[in-house]
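*Asks:* give me the fold of what follows.
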Amino acid sequence: MKKFLIAAALLCGTALWATSCTDEKADEILTVENTPTASAPDTGGTQTFMIKSNASWNITKAADATWISKIDPTSGTGDATITVTIDANTSGSRSAALTVASTNVSRSVTISQAAVGEEPEPIDPGQKVEDLGDGSNAYEVKGNVTLKADTQYNLRGFVYVTDGAVLTIEPGTVIKGEKKSNATLIVERGGKIIAEGTKEKPIVFTSQSASGARKPGDWGGLIILGKAPNNKGDMSIEGGVRSMHGGTDAADNSGILKYVRIEFAGIEYSIDNEINGLTLGSVGNGTVIDYVQVSHSGDDSFEWFGGTVNARHIIAYGTWDDCFDADNGFSGNVQYALSVRNPRVADKSGSNGFESDNNSDGAATSPYTAAVFANVSLFGPVATAPAPTMTNWVDNGKAEGSTVDARFQAAVQLRRNTQLSVYNSLFASWPIGLIIENDKGTAQTNYTAGNGVVKGNIMAGMVRNYQDKQVWTNNSVFNAADPFDTFVSAYYTDASRINEALTFDSNLVKTLKLSGNPTYNTPLVFPATDSVLATGADWNDSKVATGFDQVAYRGAFSPTETASNNWASGWANFDAQNTTY
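*Replies:* Residues are numbered from 1 along each chain as shown. All right, here's what the predicted structure looks like:
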């Protein structure tokens with residue numbers, strides 16, 4: 001790993017932050033030096049930095065950086081002093097990225113400008129920046145490597161933590177994924193990641209783009225691959241990654257993810273060929289996953305392909321496609337999970353809270369996808385709805401999501417022979433509450449037989465509660481006047497399963513007695529002590545008799561938690577777009 005110790009501006013005043021973005025070739029040098037020691041005033045002016053190079057280079061700016069009126073010069077050969085002219089600001093703070101590039105090397109310089117009335121601020125000269133990766137698809141981490149909290153890291157290309165290697169990340173460390181190289185961190189079978197942050201100092205994987213300019217899919221994501229069982233054997237992972245996963249060691253240990261945030265990751269290369277925010281392939285239950293938030297993923301937030309790993313305290317926020325996706329024999333336990341949707345972002349495949357398959361063709365192969373989720377709150381897009389019609393809500397996600405056929409679908413879609421179970425959870429404000437379908441395989445038979453269980457749950461604020469098949473037929477919305485819910489309505493309302501379906505009311509505060517309306521902008525809400533969520537959890541089935549905290553409440557949060565004191569306090573972030581790193 002090459003190291004570049006460069007001053008960084010992480011402030012709200014006008015500033016230049018130089019970062020290394022591609023590894024230098026032996027015969028080509030390009031560095032950015034002499035960044036300012038203080039921000040410029042909000043009245044505008046000029047800032048300078050120096051280029052040191054033995055090659056030809058050019059400078060480009062982000063398309064929306066019209067307030068950067070001049071860069072002089074924009075191209076050259078060898079060393080040069082660059083002058084950046086910034087217009088006077090008339091509103092809030094803003095930032096944009098400049099790219100300095102030669103043939104084989106590039107650097108990123110972030111320019112930030114203070115809001116009107118803000119004073120210039122000093123720039124921390126102690127911030128260090130290093131590359132992790134070289135922009136290729138084959139960079140390897142071997143041995144024991146530690147990422148330090150006093151350094152920011154530019155993740156570049158596909159970076160593999162190889163068999164026997166251990167990548168340790170200190171609490172408070174920030175890793176930024178490079179967009180142009182689809183930066184992705186892959187922990188291979190036999191490798192380990194020890195990313196154990198704290199409530200006060202979470203570890204953050206985020207976009208390299210400046211605040212205000214970040215988007216879902218700005219970089220690849222985090223992939224962890226293990227040796228636990230799946231139902232396909234030796235499996236490749238999606239996204240063009242070289243690595244395989246799978247084995248026979250259910251207790252396999254791939255390390256620790258604790259107090260970790262993953263932001264603006266997730267890339268869909270093609271249908272069924274994606275990198276998610278966090279992808280887990282055959283990860284064993286010796287691995288620890290606790291307090292992990294995936295925000296603004298460009299595909300699924302969390303996806304499990306087989307494996308036995310357990311998880312607690314996980315958050316899917318502003319997901320593009322599915323919040324939680326379980327396939328290929330995943331059989332872990334997950335407790336305390338929250339998902340909150342952006343009502344303007346959905347995928348063309350039909351975005352769900354849960355989506356689960358046994359495998360892609362619905363084959364009856366073991367181990368079955370039989371994960372057990374408990375104490376989950378799935379808040380869909382209808383919580384911030386206009387008129388609650390099905391057509392509005394299946395289509396609304398195209399505003400900022402997929403440009404063609406963006407669709408919201410269901411809180412829970414169980415299909416293709418899955419046996420996934422959900423207990424003591426809340427499904428709220430989706431077009432459809434629950435789908436159990438026999439599109440491939442016999443999922444409905446699995447649930448009738450009790451191999452998969454949906455029990456002790458509350459459904460509220462749906463446009464339609466039940467559906468026996470997916471919403472889409474030949475890319476058209478189903479006719480809402482047709483029943484298509486004979487199986488699921490009978491299954492969910494069976495008294496032995498003690499589920500509840502509340503009458504539609506877009507005012508979930510009133511219906512559920514919550515501390516606020518659960519929307520994209522106000523995602524954390526808590527039940528009152530007399531809420532229907534405060535009691536009623538059932539732990540009598542063998543599937544949940546062990547391995548879970550047997551709490552009395554349903555959903556992700558207890559009635560004793562508050563906005564200032566809950567399990568997401570301190571480490572989670574619901575404004576990653578505007579956070580300066």
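*Asks:* pLDDT weak spots in the stretch 1-150 of the chain?
*Replies:* 1-27, 35-39, 106, 119-127 (pLDDT under 70).
*Asks:* could you pull out the strands for it?
*Replies:* 3-4, 15-20, 30-33, 45-53, 56-61, 68-72, 75-77, 80-86, 94-101, 106-113, 128-132, 139-141, 144-147 (DSSP state E, counting those that start in this stretch).
*Asks:* of all these, which one is nearest residue 534?
*Replies:* strand 144-147 (42.0 Å; Cβ to Cβ). C-beta here means a position set from N, CA and C on the backbone, and glycine is covered the same way.
*Asks:* by contact count, what packs against that closest one?
*Replies:* Helices and strands touching strand 144-147, by 3 or more Cβ pairs under 8 Å, 6 or more residues apart in numbering; DSSP states H and E, are strand 166-169.
*Asks:* let me know the average pLDDT across the next helix or strand after the strand it packs on.
*Replies:* Beyond strand 166-169 in the direction of the C-terminus, DSSP states H and E gives the next helix or strand as strand 174-177. Average pLDDT, strand 174-177: 95.
*Asks:* with only the CA atoms kept, save strand 174-177 in PDB.
*Replies:* Extracted C-alpha coordinates of strand 174-177, given in PDB (Å, rounded to 0.1, in the frame of the first residue of the first chain):
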ATOM      1  CA  VAL A 174     -13.200   6.400   7.500                       C
ATOM      2  CA  ILE A 175     -12.800   4.500   4.200                       C
ATOM      3  CA  LYS A 176     -14.000   6.200   1.000                       C
ATOM      4  CA  GLY A 177     -14.900   4.100  -2.100                       C
END
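*Asks:* from the chain's centroid, how far away is it?
*Replies:* Centroid separation for strand 174-177 versus its chain: 14 Å, with Cα atoms, centre = their mean, to the nearest Å.
*Asks:* does it pack against any helices or strands, and if so which?
*Replies:* strand 151-155, strand 203-207.
*Asks:* can the ones you listed go into CSV with extra columns for distance to residue 460, mean pLDDT and mean neighbour count?
*Replies:* Output for the helices and strands packed on strand 174-177, formatted as CSV (distance: least, Cβ to Cβ, whole Å; pLDDT from 0 to 100; neighbours: other Cβ atoms under 10 Å):
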stretch, distance to residue 460, mean pLDDT, mean neighbour count
strand 151-155, 40, 90, 23
strand 203-207, 33, 97, 25
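*Asks:* can you add mean neighbour count and give the strands of the stretch 1-150 of the chain back as TSV?
*Replies:* TSV is the format used below for the strands of the stretch 1-150 of the chain (neighbours: other Cβ atoms under 10 Å):
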stretch	mean neighbour count
strand 3-4	14
strand 15-20	25
strand 30-33	20
strand 45-53	17
strand 56-61	17
strand 68-72	14
strand 75-77	12
strand 80-86	17
strand 94-101	21
strand 106-113	25
strand 128-132	21
strand 139-141	19
strand 144-147	14
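*Asks:* how is this protein carved up into domains?
*Replies:* Per automatic domain parsing, the structural domains of the chain span 3-125, 133-309, 350-376+398-571.
*Asks:* most neighbours per residue, which of the ones you listed?
*Replies:* With neighbours taken as mean count of other Cβ atoms under 10 Å, those reach their highest mean count in domain 133-309, at a mean of 22.
*Asks:* how far does that one stretch from start to finish?
*Replies:* 28 Å (Cα to Cα, to the nearest Å).
*Asks:* from memory residue 128 sits against residue 152, does it?
*Replies:* Yes. Assessed by Cβ atoms under 8 Å, residue 128 is found in contact with residue 152 at 7.2 Å.
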